[in-house]
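[1] Predicted model and sequence follow; I will ask about them next.
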Amino acid sequence: MKRWNKAAAITLSAWFGLGGSLWAQSLPGGKPSVLPDPIPAGPSGAGMTGIPGGGIPGGAGAGPMGMPGMGGMVPGPLAPWAAPAGPPDPLSLPADSPGAFIEEGYDIEKAVFMHIGALGLQPQKVPSRYLSYTGPGPLDSGAPPTLGAQVNANYDSISPNMNWGFNATLGCLIDNQAFEITGFWLPQNTSQYSFVAPGSLNVPFQGMPLGFEGDNTLGAQADILTVTQTVAMGNLEANYRQTGWALREFELILGVRYMGYQEGSNMYVSDDGATYISQATGQSDPALAVNYQTQAFNNLVGPQVGFEYGSAIWRGLSFTSEWKTAFCANFVERNMALNRADGYNAFSIGNSTTNYAQVFSMNFNLEWNVLERMKIRGGYNLLWMCGIARSADLIDFNIANPVVNTQLRSTFFQGPSIEFHFLF
C-alpha cells in the first residue's frame with residue numbers, strides 16, 4: 001500500500017511541474033559560447049618566398065609541417081606565387097579553343113609524281129586469209145589453178161613481232177586525289193613471211209589492167225609471194241583518281257582516252273623472181289612484180305572509267321591491278337593501192353567512216369618500294385580493241401573494180417612492262 005501511494009505522489013508531481021528538475025538540467029549561466037570555424041589549411045610553406053619564416057606561422061620555429069600539430073597544413077587561401085606549377089605550354093589548349101574535344105586540322109599531302117618505263121605489246125594473228133593456191137607448173141602457162149586446188153599461202157602465216165616502246169606518266173597528288181596525264185607510244189614494227197615456190201603460186205587476181213600482164217598473166221604460176229604487216233600504236237589519257245576513305249585498297253579512275261592504231265599490209269608478188277635474174281642488176285624484172293598495199297588508221301576518242309586495286313604482300317613488296325574501259329568514237333581512214341614494182345600505179349582509193357568502238361585494258365603488277373619515294377613496278381598487260389578496221393580485210397583481188405571493205409573487227413594485244421615511279 002505504501003508503494004502504491006509513493007508511485008501516485010511521483011506521478012502527480014510530474015503532471016503539475018513539481019518534478020521538472022528530474023527531467024532536464026539547466027544551461028550554465030551567462031551568454032552561450034559560439035563554436036569556432038575550422039582553420040583553413042594549405043600545403044607546407046617550406047621554400048616559399050615573400051613570406052616571413054617561409055610563409056609558415058610561427059616562422060622557422062614552427063612544427064615540422066608548418067604549425068604545431070597541423071601535419072604540414074598552412075592557413076589558406078594560397079597566394080598566387082605559392083600555387084603549384086601547372087602543365088607545360090605544349091599541353092595547353094589555345095585561348096580561342098571551343099573545348100577540349102575538337103577536331104583539329106591535319107596536314108594535307110601535296111606532291112608531284114612521275115612514272116617512266118618500257119612497254120611491249122604483241123598483236124594477235126590476223127584471221128585466216130587465203131592468198132594463193134597450188135597450180136600447174138613449173139612452166140608459166142597462165143592456166144588457172146584446177147578446181148579443188150590446195151591453199152599454199154595464207155596471211156595468218158605471219159607471226160607478229162613484239163612491239164616495244166615507252167610509257168610515261170606525270171601528275172599531282174592532293175590528299176586522297178590525283179590528276180594525271182599518262183600514255184605510251186609504240187613505233188612502227190614490221191613482221192613478214194615469204195612463200196617461195198617457182199611456178200606454183202597462183203594469186204587469184206582478176207581483171208589486171210594494161211601494163212600488169214606479167215609473164216602470161218601476173219600472179220599466175222608466180223615464184224615469190226611475200227606478205228608484210230606493219231603495226232604502230234599510241235595512247236594518251238587524262239585521268240582523275242580518288243582513293244576510297246573506307247576501302248583504301250581501291251582507287252576510282254575517271255578520265256578521257258585517245259588511242260591511235262595504225263596497221264598496214266603489203267603483198268609482193270613476183271612472176272619470175274626466183275627463175276629469171278638479170279645478170280646486170282642481180283634482180284628480177286620489176287615490170288613482172290606488183291605491190292598490193294592496204295592501210296587502216298583508227299583514231300579512238302572517248303570517256304573511260306576504271307579502278308586500281310593494291311595490296312601489301314611483304315616488306316615493301318605489293319601487288320596492284322588496274323582495269324579500265326573506254327567508250328569511243330572511232331574515226332577510221334582506209335587506203336588501198338596497187339603498184340608495179342617499178343612504181344607504176346594501177347589504182348589508189350580510200351574512204352573515211354566513223355563508228356563506235358571500245359577499249360578494254362588491264363594489267364597485273366608487282367611493286368617494290370626501293371626507297372620511301374621511289375618504287376619499281378613490273379607487270380603484264382592485256383589490251384582489247386573492239387570495232388576497229390584492219391588492213392588485211394582491205395585486200396580485194398578484183399583489180400578491175402576494187403571495193404573498200406568497211407568491215408570491223410576486234411584485236412587483242414599482250415605483253416610485259418617495267419616502270420620506275422618517283423614521288424616529289
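    All right, it came through fine.

[2] got a list of what the closest residue to residue 217 other than its chain neighbours touches?
    Spatially, and ignoring its direct neighbours in sequence, residue 217 is nearest to residue 142 (4.4 Å; C-beta to C-beta, 6 or more residues apart in numbering). To be clear about C-beta, it is placed using only N, CA and C from the backbone, and glycine gets the same treatment. Residues in contact with residue 142, defined by C-beta atoms under 8 Å, 6 or more residues apart in numbering, are 216-217, 220-221.

[3] ditto for residue 266
    227-228, 230, 291-294.

[4] Swap in 7 Å and give it another go.
    228, 291, 293 (C-beta atoms under 7 Å, 6 or more residues apart in numbering).

[5] and if you look at residue 398?
    206-207.

[6] follow-up on the earlier one: quick one: the residue nearest to residue 217 and residue 311, what's the gap?
    68 Å (C-beta to C-beta, to the nearest Å).

[7] Check residue 370 too.
    Taking C-beta to C-beta, one finds residue 370 at 19 Å from residue 311.

[8] Then residue 141?
    70 Å.

[9] quick one on the thing from earlier: sec struct for the residue nearest to residue 217, please.
    What DSSP: H, G, I helix; E, B strand; the rest coil gives for residue 142 is coil.

[10] Which strand or helix spans the spatially most central residue of the chain?
    In the chain, the C-alpha closest to the average C-alpha coordinate belongs to residue 308, at a distance of 4.6 Å (C-alpha atoms, centre = their mean). In this structure, residue 308 is located in strand 289-314 according to DSSP states H and E.

[11] Let me know how buried residue 214 is, in neighbour terms.
    Using other C-beta atoms under 10 Å, residue 214 has 25 neighbouring residues.

[12] what secondary structure does it sit in?
    coil.

[13] rewinding a little: residue 141 and residue 311 - which one has more neighbours?
    residue 141 (14 against 10).

[14] Need the phi and psi values for that one.
    Main-chain dihedrals, residue 141, degrees, to the nearest 10: phi -90, psi -20.

[15] does it really touch residue 216, like I thought?
    Yes: counting by C-beta atoms under 7 Å, residue 216 is a contact partner of residue 141 at 6.3 Å.

[16] Residue 342 contacts residue 287, correct?
    Yes: in this structure, residue 342 is within contact of residue 287 by C-beta under 7 Å, at 6.0 Å.

[17] what about these two, which has more around it?
    Using other C-beta under 10 Å as the criterion, residue 342 and residue 287 rank with residue 287 on top: 17 against 10.

[18] give me every residue that touches that one.
    Residue 287 touches 340, 342, counting by C-beta under 7 Å, 6+ apart.
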